[in-house]
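Chemist: Okay, here's the prediction I keep looking at, along with the sequence it came from:
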Amino acid sequence: MRSDYLLYILAAVFFIITAVSLALVVDQVQKSLWVVTTVVLGLFSAGLGYYQRSKPTTKAQPAPATIPVTIEPSDAHIKEAHMAESVEVHAEPTVVPLSPTPTPAQVIVPIPAMTPSPVEAPAPLKSELTAIRGISEKRAAQLKTLGINNVDDLAKVSAEDLAKDLTISPKITRMWIGSAKKLAK
């Protein structure tokens, strides 16, 4: 007998015990304890039974029936071509077993034998804007796209406009502009 059926039967037994305890137990405290315990055990058994059920499998479709063809003995090359064609068309399908895991298997790609040597890219020039605390190279590049190329340009910009353009807090941009004004002097 399959294990999921046994667990379903066990769950049914626990639910029957629950019904009996409701009918026969007089003391309210014991009745509550019996009911809760047997219902929990019944639900647990039903859940395990559901987990242990047999999984659906795919079945291979049968090959289509071949149509018999009569060929004259003098046409040997036609017979040979027909046999080659019938083998290709009527090949048995291969059944691929289902993976027990829900994720597909990883495909391993071979590494090429020769890899090109890496080209060394020139190091990006350090922007003077990175001297201000809180401005990284990435942020300096964003500032350059806004037309702010150096500390003097940053000192002249409105904090609210800059904050709106970069979608950051105006408090941060005020701090940057204050530092830029100190560095510009």
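Modeler: That came through fine.

Chemist: So residue 26 versus residue 34, what's the distance?
Modeler: 12 Å (Cβ to Cβ, to the nearest Å). Every residue, glycine included, has its C-beta placed from N, CA and C.

Chemist: And for residue 47?
Modeler: For residue 47, the distance to residue 34 - Cβ to Cβ - is 20 Å.

Chemist: Tell me which of these two has more neighbours.
Modeler: Taking other Cβ atoms under 10 Å, residue 47 and residue 34 do not tie; residue 34 has more neighbours (18 against 12).

Chemist: Identify each buried residue in the longest helix along the chain, please.
Modeler: Selection of the longest helix in the chain by residue count, based on DSSP state H, yields helix 28-52. Under the neighbour-count criterion of 16 or more other Cβ atoms under 10 Å, helix 28-52 has 34-35, 38, 41-42, 45-46, 48-49 buried.

Chemist: hmm, who's touching it?
Modeler: Outside helix 28-52, the residues that touch it by Cβ atoms under 8 Å, 6 or more residues apart in numbering are 2-8, 10-15, 17-18, 21-22, 25.

Chemist: Quick check: phi and psi at the closest residue to residue 141 other than its chain neighbours.
Modeler: Nearest residue to residue 141 in three dimensions, chain neighbours excluded: residue 127, at 7.8 Å (Cβ to Cβ, 6 or more residues apart in numbering). Backbone torsions of residue 127, given as degrees, to the nearest 10, read phi -80, psi 150.

Chemist: mind listing what residue 127 touches?
Modeler: Per Cβ under 8 Å, 6+ apart, neighbours of residue 127: 137, 140-141, 144.

Chemist: now, which of the residues you listed lie within strands?
Modeler: When DSSP state E is applied, the contacts of residue 127 are split such that none fall in strands.

Chemist: So, low pLDDT: which residues of the protein?
Modeler: Applying pLDDT under 70 to the chain flags residues 1, 58-107, 109-125.

Chemist: ok, now with 80
Modeler: 1-3, 25-31, 34, 54-127, 185 (pLDDT under 80).

Chemist: mind giving me the domain split of the chain?
Modeler: 3-52, 128-184 (automatic domain parsing).

Chemist: Of all those, which one is nearest residue 108?
Modeler: domain 3-52 (31.8 Å; Cβ to Cβ).

Chemist: end to end, how far does that closest one reach?
Modeler: 7 Å (Cα to Cα, to the nearest Å).
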